[in-house]
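>>> Next one to model:
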Amino acid sequence: MTRVTQDQGNPGQEPANAGEPGTESTPGQPGYGTQPQPDYGGAQTQPAPPGYGAQPGHGRPGGQPGYGAQPGYGNQPGYGGQPGYGNPPGYGGQPGYGTPPGQPHGAPAPYGYQPYPGGGYGYQQKDPSLAEWWQRLLARIIDGIIVGAVVLAILIPVFVSLVHRIQNVNNQYADINSPAAQAALNHAVSQSIGSVYLASVAGVVIAMVYDWVQHALWGQTLGKRALGTRVVRADTRSKIGAGPAAGRAAVYAFPPLVPFVGGLFGLLNELWLLWDRERQCLHDKAARTVVVKTRGPNAPPWPGPAASGQPYT
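Numbering: from 1, shown residues only. Just a heads-up that it's a prediction; the model follows:
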(Lines give C-alpha, C1' and ligand atoms only; values in the text may rest on other atoms or scores of the structure.)
Protein backbone atom coordinates (compact mmCIF):
# COMPACT_ATOMS: atom_id res chain seq x y z
CA MET A 1 0.00 0.00 0.00
CA THR A 2 1.39 3.39 -0.94
CA ARG A 3 1.12 6.11 1.73
CA VAL A 4 0.18 9.44 0.28
CA THR A 5 1.23 12.61 2.03
CA GLN A 6 0.81 16.22 1.20
CA ASP A 7 3.38 18.85 1.77
CA GLN A 8 1.97 21.16 4.45
CA GLY A 9 4.09 23.99 3.21
CA ASN A 10 2.51 23.83 -0.20
CA PRO A 11 -1.20 23.74 0.30
CA GLY A 12 -3.20 22.73 -2.76
CA GLN A 13 -0.38 20.56 -4.14
CA GLU A 14 -1.72 17.25 -5.29
CA PRO A 15 -0.12 14.01 -4.15
CA ALA A 16 2.47 12.48 -6.34
CA ASN A 17 0.32 9.61 -7.41
CA ALA A 18 -2.94 11.59 -7.68
CA GLY A 19 -2.86 11.49 -11.42
CA GLU A 20 -2.16 7.79 -11.72
CA PRO A 21 -5.00 5.96 -13.31
CA GLY A 22 -6.63 3.19 -11.36
CA THR A 23 -5.84 4.61 -7.94
CA GLU A 24 -7.99 6.55 -5.48
CA SER A 25 -6.85 8.35 -2.39
CA THR A 26 -9.02 8.10 0.68
CA PRO A 27 -6.95 8.94 3.78
CA GLY A 28 -7.70 7.31 7.09
CA GLN A 29 -10.04 4.64 5.75
CA PRO A 30 -9.02 1.01 6.01
CA GLY A 31 -9.55 -1.01 2.92
CA TYR A 32 -9.57 1.98 0.66
CA GLY A 33 -6.79 3.74 -1.14
CA THR A 34 -5.14 2.33 -4.17
CA GLN A 35 -7.46 -0.23 -5.65
CA PRO A 36 -6.97 -2.00 -8.93
CA GLN A 37 -9.84 -1.52 -11.35
CA PRO A 38 -11.00 -3.87 -14.04
CA ASP A 39 -9.34 -3.26 -17.35
CA TYR A 40 -11.89 -2.09 -19.92
CA GLY A 41 -9.38 -0.70 -22.32
CA GLY A 42 -7.54 1.23 -19.64
CA ALA A 43 -7.61 1.94 -15.92
CA GLN A 44 -10.74 3.75 -14.75
CA THR A 45 -11.71 5.54 -11.62
CA GLN A 46 -14.29 3.81 -9.39
CA PRO A 47 -17.36 6.07 -9.52
CA ALA A 48 -18.96 7.17 -6.32
CA PRO A 49 -22.20 5.44 -5.32
CA PRO A 50 -25.24 7.04 -6.90
CA GLY A 51 -26.75 9.83 -4.83
CA TYR A 52 -23.77 10.16 -2.44
CA GLY A 53 -20.51 12.01 -2.43
CA ALA A 54 -19.96 15.45 -3.82
CA GLN A 55 -22.78 16.47 -6.10
CA PRO A 56 -23.59 19.61 -8.02
CA GLY A 57 -25.15 22.12 -5.69
CA HIS A 58 -23.36 20.73 -2.57
CA GLY A 59 -20.02 22.38 -3.21
CA ARG A 60 -17.93 19.41 -4.45
CA PRO A 61 -17.70 18.22 -8.02
CA GLY A 62 -17.91 14.68 -9.20
CA GLY A 63 -21.37 13.79 -7.84
CA GLN A 64 -24.53 12.77 -9.51
CA PRO A 65 -26.79 15.11 -11.42
CA GLY A 66 -30.24 15.56 -9.90
CA TYR A 67 -29.26 17.09 -6.56
CA GLY A 68 -28.32 20.59 -5.57
CA ALA A 69 -29.87 23.34 -7.62
CA GLN A 70 -32.06 20.85 -9.34
CA PRO A 71 -34.95 21.93 -11.60
CA GLY A 72 -38.14 21.99 -9.51
CA TYR A 73 -36.52 23.22 -6.30
CA GLY A 74 -35.61 26.70 -5.22
CA ASN A 75 -37.05 29.75 -6.96
CA GLN A 76 -38.04 28.17 -10.21
CA PRO A 77 -41.15 27.99 -12.37
CA GLY A 78 -43.67 25.53 -10.92
CA TYR A 79 -43.25 26.41 -7.23
CA GLY A 80 -43.50 29.56 -5.18
CA GLY A 81 -45.31 32.05 -7.35
CA GLN A 82 -46.30 29.44 -9.88
CA PRO A 83 -49.39 30.26 -11.98
CA GLY A 84 -52.27 28.08 -10.77
CA TYR A 85 -51.53 28.41 -7.04
CA GLY A 86 -52.30 31.27 -4.72
CA ASN A 87 -55.35 33.05 -6.16
CA PRO A 88 -56.15 30.99 -9.27
CA PRO A 89 -59.20 31.70 -11.43
CA GLY A 90 -62.21 29.76 -10.14
CA TYR A 91 -61.41 30.21 -6.43
CA GLY A 92 -61.66 33.13 -4.09
CA GLY A 93 -63.46 35.89 -5.92
CA GLN A 94 -64.97 33.72 -8.62
CA PRO A 95 -68.23 35.12 -10.05
CA GLY A 96 -71.22 33.36 -8.50
CA TYR A 97 -69.39 32.02 -5.42
CA GLY A 98 -68.35 33.64 -2.18
CA THR A 99 -69.45 37.24 -1.76
CA PRO A 100 -72.05 38.44 -4.32
CA PRO A 101 -71.48 41.71 -6.18
CA GLY A 102 -72.25 44.79 -4.09
CA GLN A 103 -71.75 43.04 -0.76
CA PRO A 104 -68.84 43.76 1.63
CA HIS A 105 -66.07 41.18 1.62
CA GLY A 106 -66.97 38.27 3.88
CA ALA A 107 -70.62 39.28 4.20
CA PRO A 108 -73.12 36.39 3.79
CA ALA A 109 -75.03 36.19 0.56
CA PRO A 110 -78.63 37.43 0.87
CA TYR A 111 -81.46 34.93 0.72
CA GLY A 112 -82.42 34.28 -2.87
CA TYR A 113 -78.99 35.12 -4.30
CA GLN A 114 -78.64 33.29 -7.58
CA PRO A 115 -75.08 32.67 -8.84
CA TYR A 116 -76.02 32.01 -12.46
CA PRO A 117 -79.06 33.50 -14.18
CA GLY A 118 -81.65 30.93 -15.14
CA GLY A 119 -79.84 27.83 -13.92
CA GLY A 120 -77.01 26.33 -11.91
CA TYR A 121 -77.11 26.30 -8.14
CA GLY A 122 -79.03 28.49 -5.77
CA TYR A 123 -82.64 29.47 -5.29
CA GLN A 124 -84.41 30.33 -8.53
CA GLN A 125 -87.19 32.88 -8.27
CA LYS A 126 -90.17 32.47 -10.56
CA ASP A 127 -91.65 35.24 -12.64
CA PRO A 128 -93.88 37.24 -10.26
CA SER A 129 -96.20 38.20 -13.11
CA LEU A 130 -97.37 34.58 -13.52
CA ALA A 131 -100.69 33.63 -11.95
CA GLU A 132 -100.52 31.77 -8.64
CA TRP A 133 -101.67 28.17 -8.44
CA TRP A 134 -104.58 29.06 -6.16
CA GLN A 135 -105.80 31.71 -8.63
CA ARG A 136 -105.88 29.13 -11.41
CA LEU A 137 -107.60 26.59 -9.15
CA LEU A 138 -110.34 28.99 -8.06
CA ALA A 139 -110.85 30.12 -11.66
CA ARG A 140 -111.31 26.49 -12.74
CA ILE A 141 -113.80 25.89 -9.94
CA ILE A 142 -115.88 28.87 -11.08
CA ASP A 143 -115.73 27.73 -14.70
CA GLY A 144 -116.56 24.18 -13.62
CA ILE A 145 -119.68 25.36 -11.84
CA ILE A 146 -120.82 27.26 -14.93
CA VAL A 147 -120.13 24.38 -17.34
CA GLY A 148 -121.50 21.85 -14.87
CA ALA A 149 -124.81 23.67 -14.70
CA VAL A 150 -125.16 23.39 -18.49
CA VAL A 151 -124.15 19.71 -18.52
CA LEU A 152 -126.50 18.95 -15.65
CA ALA A 153 -129.35 20.41 -17.65
CA ILE A 154 -128.55 17.79 -20.31
CA LEU A 155 -128.11 14.88 -17.88
CA ILE A 156 -131.31 15.43 -15.91
CA PRO A 157 -133.61 14.35 -18.80
CA VAL A 158 -131.44 11.25 -19.31
CA PHE A 159 -131.88 10.15 -15.70
CA VAL A 160 -135.59 10.94 -15.80
CA SER A 161 -135.93 8.75 -18.91
CA LEU A 162 -134.13 5.88 -17.11
CA VAL A 163 -136.52 6.08 -14.17
CA HIS A 164 -139.53 5.97 -16.49
CA ARG A 165 -138.23 2.86 -18.28
CA ILE A 166 -137.72 1.01 -15.02
CA GLN A 167 -141.24 1.93 -13.88
CA ASN A 168 -142.70 0.68 -17.16
CA VAL A 169 -140.96 -2.68 -16.71
CA ASN A 170 -142.32 -2.98 -13.18
CA ASN A 171 -145.83 -2.15 -14.37
CA GLN A 172 -145.65 -4.57 -17.30
CA TYR A 173 -144.50 -7.67 -15.38
CA ALA A 174 -146.15 -8.89 -12.20
CA ASP A 175 -143.07 -10.95 -11.28
CA ILE A 176 -140.05 -8.71 -11.58
CA ASN A 177 -137.74 -11.71 -11.01
CA SER A 178 -139.01 -13.59 -14.06
CA PRO A 179 -136.60 -14.06 -16.97
CA ALA A 180 -138.69 -11.89 -19.27
CA ALA A 181 -138.83 -9.04 -16.70
CA GLN A 182 -135.06 -9.20 -16.13
CA ALA A 183 -134.38 -9.08 -19.87
CA ALA A 184 -136.65 -6.03 -20.27
CA LEU A 185 -134.97 -4.33 -17.29
CA ASN A 186 -131.47 -4.92 -18.69
CA HIS A 187 -132.53 -3.52 -22.03
CA ALA A 188 -133.89 -0.34 -20.41
CA VAL A 189 -130.67 0.17 -18.39
CA SER A 190 -128.41 -0.41 -21.42
CA GLN A 191 -130.34 2.21 -23.39
CA SER A 192 -129.95 4.67 -20.52
CA ILE A 193 -126.21 3.97 -20.19
CA GLY A 194 -125.73 4.88 -23.82
CA SER A 195 -127.69 8.09 -23.28
CA VAL A 196 -125.56 8.95 -20.20
CA TYR A 197 -122.34 8.45 -22.18
CA LEU A 198 -123.59 10.64 -25.02
CA ALA A 199 -124.57 13.31 -22.50
CA SER A 200 -121.05 13.12 -21.01
CA VAL A 201 -119.47 13.58 -24.45
CA ALA A 202 -121.77 16.55 -25.01
CA GLY A 203 -120.62 18.00 -21.68
CA VAL A 204 -116.93 17.64 -22.66
CA VAL A 205 -117.59 19.35 -25.99
CA ILE A 206 -119.38 22.16 -24.19
CA ALA A 207 -116.41 22.61 -21.80
CA MET A 208 -113.97 22.61 -24.72
CA VAL A 209 -115.96 25.22 -26.66
CA TYR A 210 -116.37 27.29 -23.48
CA ASP A 211 -112.58 27.55 -23.06
CA TRP A 212 -111.78 27.83 -26.75
CA VAL A 213 -114.07 30.73 -27.66
CA GLN A 214 -113.34 32.88 -24.61
CA HIS A 215 -109.58 32.39 -24.72
CA ALA A 216 -109.45 33.08 -28.45
CA LEU A 217 -111.47 36.29 -28.11
CA TRP A 218 -110.36 37.72 -24.77
CA GLY A 219 -107.80 35.37 -23.23
CA GLN A 220 -110.09 35.00 -20.22
CA THR A 221 -112.96 32.80 -19.16
CA LEU A 222 -115.47 34.04 -16.61
CA GLY A 223 -113.48 32.38 -13.84
CA LYS A 224 -110.23 34.04 -14.96
CA ARG A 225 -111.95 37.42 -15.09
CA ALA A 226 -113.09 36.94 -11.50
CA LEU A 227 -109.58 35.99 -10.32
CA GLY A 228 -107.72 38.56 -12.43
CA THR A 229 -105.75 36.26 -14.76
CA ARG A 230 -105.31 35.94 -18.53
CA VAL A 231 -103.90 33.33 -20.97
CA VAL A 232 -101.15 34.70 -23.25
CA ARG A 233 -98.39 33.35 -25.46
CA ALA A 234 -95.36 32.22 -23.49
CA ASP A 235 -92.80 33.93 -25.74
CA THR A 236 -94.37 37.33 -26.48
CA ARG A 237 -97.12 37.61 -23.84
CA SER A 238 -99.55 38.51 -26.63
CA LYS A 239 -102.89 37.17 -27.84
CA ILE A 240 -102.86 33.41 -28.35
CA GLY A 241 -105.20 33.21 -31.34
CA ALA A 242 -107.91 30.67 -32.24
CA GLY A 243 -105.59 27.77 -33.14
CA PRO A 244 -103.58 27.60 -29.90
CA ALA A 245 -106.77 28.28 -27.93
CA ALA A 246 -108.48 25.26 -29.55
CA GLY A 247 -105.50 22.96 -28.94
CA ARG A 248 -105.19 24.08 -25.33
CA ALA A 249 -108.90 23.49 -24.67
CA ALA A 250 -108.84 20.05 -26.36
CA VAL A 251 -105.86 18.77 -24.35
CA TYR A 252 -107.61 19.85 -21.18
CA ALA A 253 -111.13 18.60 -21.93
CA PHE A 254 -110.96 15.38 -23.96
CA PRO A 255 -108.51 13.00 -22.16
CA PRO A 256 -110.89 12.35 -19.21
CA LEU A 257 -113.21 10.58 -21.66
CA VAL A 258 -110.71 7.67 -21.75
CA PRO A 259 -111.45 5.40 -18.74
CA PHE A 260 -108.81 5.33 -15.98
CA VAL A 261 -105.86 6.50 -18.09
CA GLY A 262 -107.63 9.72 -19.04
CA GLY A 263 -108.39 10.45 -15.41
CA LEU A 264 -104.75 9.98 -14.41
CA PHE A 265 -103.63 12.28 -17.21
CA GLY A 266 -106.14 14.91 -16.15
CA LEU A 267 -104.85 14.81 -12.57
CA LEU A 268 -101.21 15.04 -13.69
CA ASN A 269 -102.14 17.87 -16.05
CA GLU A 270 -103.56 19.95 -13.20
CA LEU A 271 -100.73 19.22 -10.75
CA TRP A 272 -97.91 19.94 -13.19
CA LEU A 273 -97.89 23.69 -12.49
CA LEU A 274 -96.89 23.07 -8.85
CA TRP A 275 -93.30 22.19 -9.79
CA ASP A 276 -93.00 23.81 -13.24
CA ARG A 277 -90.75 26.90 -13.42
CA GLU A 278 -93.22 28.74 -15.70
CA ARG A 279 -96.25 27.50 -13.72
CA GLN A 280 -97.53 25.72 -16.82
CA CYS A 281 -99.92 22.80 -16.90
CA LEU A 282 -99.49 20.21 -19.65
CA HIS A 283 -102.17 21.83 -21.78
CA ASP A 284 -100.22 25.12 -21.46
CA LYS A 285 -97.08 23.42 -22.71
CA ALA A 286 -98.98 21.89 -25.64
CA ALA A 287 -100.25 25.34 -26.71
CA ARG A 288 -97.10 27.25 -25.57
CA THR A 289 -99.07 29.54 -23.31
CA VAL A 290 -98.78 30.89 -19.78
CA VAL A 291 -101.32 32.43 -17.42
CA VAL A 292 -100.44 35.90 -16.11
CA LYS A 293 -101.97 38.29 -13.62
CA THR A 294 -104.10 41.22 -14.77
CA ARG A 295 -104.38 42.95 -11.39
CA GLY A 296 -101.93 43.85 -8.68
CA PRO A 297 -98.40 45.33 -8.57
CA ASN A 298 -96.87 42.39 -10.45
CA ALA A 299 -99.33 42.42 -13.34
CA PRO A 300 -97.56 43.03 -16.68
CA PRO A 301 -98.64 46.02 -18.81
CA TRP A 302 -101.42 45.34 -21.26
CA PRO A 303 -102.03 45.16 -24.17
CA GLY A 304 -98.85 43.26 -24.97
CA PRO A 305 -97.07 42.96 -28.33
CA ALA A 306 -99.40 42.01 -31.18
CA ALA A 307 -97.11 39.27 -32.47
CA SER A 308 -99.92 36.92 -33.48
CA GLY A 309 -102.68 39.27 -34.49
CA GLN A 310 -104.39 42.20 -32.85
CA PRO A 311 -103.82 42.80 -29.15
CA TYR A 312 -106.65 42.35 -26.70
CA THR A 313 -108.95 45.32 -26.28
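>>> got the buried residues for the helix or strand where Val158 lies?
Secondary structure assignment for Val158, by DSSP states H and E: helix 133-172. Residues of helix 133-172 classed as buried: 135-136, 138-140, 142-143, 147, 151, 155, 158, 162, 165, 169 (neighbour count, 16 or more other Cβ atoms under 10 Å). Heads up, the C-betas are built off the backbone N, CA and C, glycines and all.
>>> Same check on stretch 207-225?
Those would be 207-208, 210-212, 214-216, 219-221, 223-225, for stretch 207-225 by 16+ other Cβ under 10 Å.
>>> any idea of the angle the helix or strand following the helix holding Val158 forms with helix 133-172?
Downstream of helix 133-172, the first helix or strand assigned by DSSP H and E is helix 179-217. In terms of direction (axes from the mean of the first three to the mean of the last three Cα atoms, to 10 degrees), helix 179-217 departs from helix 133-172 by 150 degrees.
>>> average pLDDT across the following helix or strand past helix 179-217?
Along the chain past helix 179-217, the next helix or strand (assigned with DSSP H and E) turns out to be helix 222-227. Averaging pLDDT along helix 222-227 yields 96.
>>> quick one: buried residues of the helix or strand Val291 falls within?
Val291 is part of strand 289-293 when elements are defined by DSSP H and E. By neighbour count on 16+ other Cβ under 10 Å, the buried set for strand 289-293 is 289-293.
>>> which secondary structure elements does that strand contact?
Counting contacts by 3 or more Cβ pairs under 8 Å, 6 or more residues apart in numbering; DSSP states H and E, strand 289-293 packs against helix 133-172, strand 229-233.
>>> so which of those gets nearest Tyr252?
Smallest distance to Tyr252 across the helices and strands packed on strand 289-293 (Cβ to Cβ): 9.3 Å, for helix 133-172.
>>> report the angle between the axes of the closest one and strand 289-293?
Orientation note: helix 133-172 sits at an angle of 110 degrees relative to strand 289-293 (the same axes, to 10 degrees).
>>> and helix 133-172, what does it pack onto?
Under the contact criterion of 3+ Cβ pairs under 8 Å, 6+ apart, helix 133-172 touches helix 179-217, helix 222-227, strand 229-233, strand 289-293.
>>> and the ones you listed, which one is worst for confidence?
Mean pLDDT per stretch puts helix 179-217 lowest among the helices and strands packed on helix 133-172, at a mean of 90.
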